[in-house]
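Engineer: quick one, fold the following:
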Amino acid sequence: MARYTGPKTKISRIFGEPILGNGKWLNKNSNPPGQHGAARKRKTLGEYAVQLKEKQKAKYTYGVLEKQFRNTFEEAARIKGVTGENLIRLLEARLDNTVFRLGIAPSRPAARQLVSHKHVTVNGDVVNIPSYQLKPGDIVGLKEKSEANTALTSMIRGKNAKFSWLDWNETEKRGTFITYPERESVPENIKEQLIVELYSK
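Structural biologist: Below you'll find the predicted structure:
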C-alpha cells in the first residue's frame, strides 16, 4: 500500500509546523532543512511555489499521495458548493482520518495501520481501506476480537469535544460520523483556496 515513509521531522521543518508527529524537535531547531540552515539566503517564494507548498502541506497532513490527492480534488470539484471546502470535507471523511479524530488511534499513520490490518469496522463490517469515504450516519469501531486486545484499547483516548461532526460512545467504544464538517470547525492550518488555484492553472 503506497504511503509516505520518508523523514518526518524534515517535513515539519519545511513547513514550520508539526505536520507529522508531535513537532517536539521544532522547538530545538525550527530552521528549514539544508546544509546552512538559517544562514542560507532564501529567495522569496513565487505564486506557484506558495500554491504548491500548500498542496504539499495538505498531502502530508492527511497522508495522501499525489494521484489519490488529485482524484479527491476532482471529486470535490464535481460536488456542488465551494471546491476548497469540499476538498477538506472529503479528506476529513476518510476512514483513517476519522479513526484518528475519534481518538481510537494516536496519529493518522497509526489509524491507517489499524484500518489496513483489519481492526476497524464500519456499520459492523470490517473495512481495510484507509481512504474509504464515510457517509453521515456511519458507525466506526473496533471489531470484536480487536476490542479484547488491550494493546489496542489502551491507545483509545476518546474524541476531542471540538470535533462536533463526530459522536463518541465511551461505553460501546463506537463513534458515529454525524455529518461532513464545516470548514471553520476543522483545525488544520491549510489554505485550501491556494490548492484550488494551483489545480486551476
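Engineer: quick check: buried residues in stretch 46-60?
Structural biologist: 51, 53-60 (16 or more other CB atoms under 10 Å). (Each C-beta comes from the backbone N, C-alpha and C, glycine too.)
Engineer: not counting residues beside it along the chain, what's closest to Ile79?
Structural biologist: Excluding the flanking residues, the one nearest Ile79 by CB to CB, 6 or more residues apart in numbering is Asn86, at 4.8 Å.
Engineer: that neighbour belongs to a strand?
Structural biologist: No - with DSSP: H, G, I helix; E, B strand; the rest coil as the criterion, Asn86 is helix rather than part of a strand.
Engineer: what are the neighbouring residues in contact with it?
Structural biologist: 76-77, 79 (CB atoms under 8 Å, 6 or more residues apart in numbering).
Engineer: ok, now how distant is the residue most central in space within the chain from Lys173?
Structural biologist: Nearest to the geometric centre of the chain sits Tyr62, at 2.8 Å (CA atoms, centre = their mean). Using CB to CB, to the nearest Å, Tyr62 is found at 24 Å from Lys173.
Engineer: ok, now Phe73?
Structural biologist: Distance from Phe73 to Lys173, by CB to CB: 34 Å.
Engineer: lowest average confidence, helix or strand, in the chain?
Structural biologist: helix 8-15 (a mean of 76; mean pLDDT, DSSP states H and E).
Engineer: care to break the protein down by domain?
Structural biologist: 8-90+188-199, 94-179 (automatic domain parsing).
Engineer: for the shortest one, measure first residue to last.
Structural biologist: One end of domain 94-179 to the other measures 13 Å (CA to CA, to the nearest Å).
Engineer: same deal with stretch 105-120?
Structural biologist: In stretch 105-120, first residue to last residue: 11 Å (CA to CA).
Engineer: what's next to that stretch, contact-wise?
Structural biologist: Stretch 105-120 is contacted from outside by 1, 3, 20-21, 61-63, 95-97, 99-100, 104, 126-130, 132, 140-143, 146, 149, 152, 155, 157, using CB under 8 Å, 6+ apart.
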